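Undergrad: Okay, sequence plus prediction incoming.
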Amino acid sequence: MRLTDYTDFSLRALMFVALHPKRLPTIAEIAASYRISRNHLMKVVYGLSLAGYVETVRGKNGGLRLARPPQDIVLGEVVRLTEPDMALVPCFDPVRTACVIAPACILRRALHEARGAFMAVLDGYTLADLVANGSDLDALLGRAAGSQQGVIPAA
């Protein structure tokens, strides 16, 4: 199973904002710290805002803040939002079920159970869990941003 960059960036953006509850991190700051595309991150933040995970504050001193406490943001919920197609194989897709062995396939059942177990693990973690070692994360992100020297990759 592989998660999209969109989901990865969503989780990392949430972590960054959770690490800085007393200020409003910007998209540019988050992108530079993680060395990811600012343009892609803008789309991610827009989606997180629509879903009620972050609030955006416009203006000179604007930025992002969590719309909910980090302990109320469940990872499985975020992944389900950002990965609407969790079809691991074509037979999971109700439109593309052309597999001739689908009615008797145990592999399909095993993969379905594995996907359920994967999501169950994510449901056991919150954003607060991800930033429990906040000072370590913040130090690493600060170093990454400093070594970036303001260069943000294009989308």
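TA: Looks like it arrived, so ask away.
Undergrad: List the buried residues for the lengthiest helix in the chain?
TA: Counting by DSSP state H, the longest helix found in the chain is helix 106-123. The neighbour-count check on helix 106-123 (16 or more other C-beta atoms under 10 Å) flags 108, 111, 115, 118-119, 122 as buried. The way it works is simple: take the backbone N, C-alpha and C, and place the C-beta from them, glycine included.
Undergrad: would you turn those residues into CSV with pLDDT and distance to Gly52?
TA: Putting the buried residues of helix 106-123 into CSV (pLDDT from 0 to 100; distance: C-beta to C-beta, whole Å) gives the following:
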residue, pLDDT, distance to Gly52
Arg108, 84, 34
Leu111, 89, 31
Arg115, 92, 25
Phe118, 94, 24
Met119, 95, 20
Leu122, 97, 18
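Undergrad: Tabulate those residues in a markdown table, adding columns for distance to Val57.
TA: Below are those laid out as a markdown table (distance: C-beta to C-beta, whole Å):
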| residue | distance to Val57 |
| --- | --- |
| Arg108 | 46 |
| Leu111 | 43 |
| Arg115 | 37 |
| Phe118 | 35 |
| Met119 | 32 |
| Leu122 | 29 |
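Undergrad: for those, which one is nearest Val79?
TA: Leu122 (5.6 Å; C-beta to C-beta).
Undergrad: before we move on, the earlier item: so after the longest helix of the chain, what's the next helix or strand?
TA: Later in the chain than helix 106-123, the nearest helix or strand by DSSP states H and E is helix 127-130.
Undergrad: what sits up against stretch 109-121?
TA: The contact list for stretch 109-121 (C-beta atoms under 8 Å, 6 or more residues apart in numbering) reads 1, 76, 79-80, 86, 88-89, 92.
Undergrad: Also stretch 39-50?
TA: For stretch 39-50, contacts defined as C-beta under 8 Å, 6+ apart pick out 5-6, 9-10, 13-14, 27, 30-31, 54-56, 64, 67, 81-82, 154-155.
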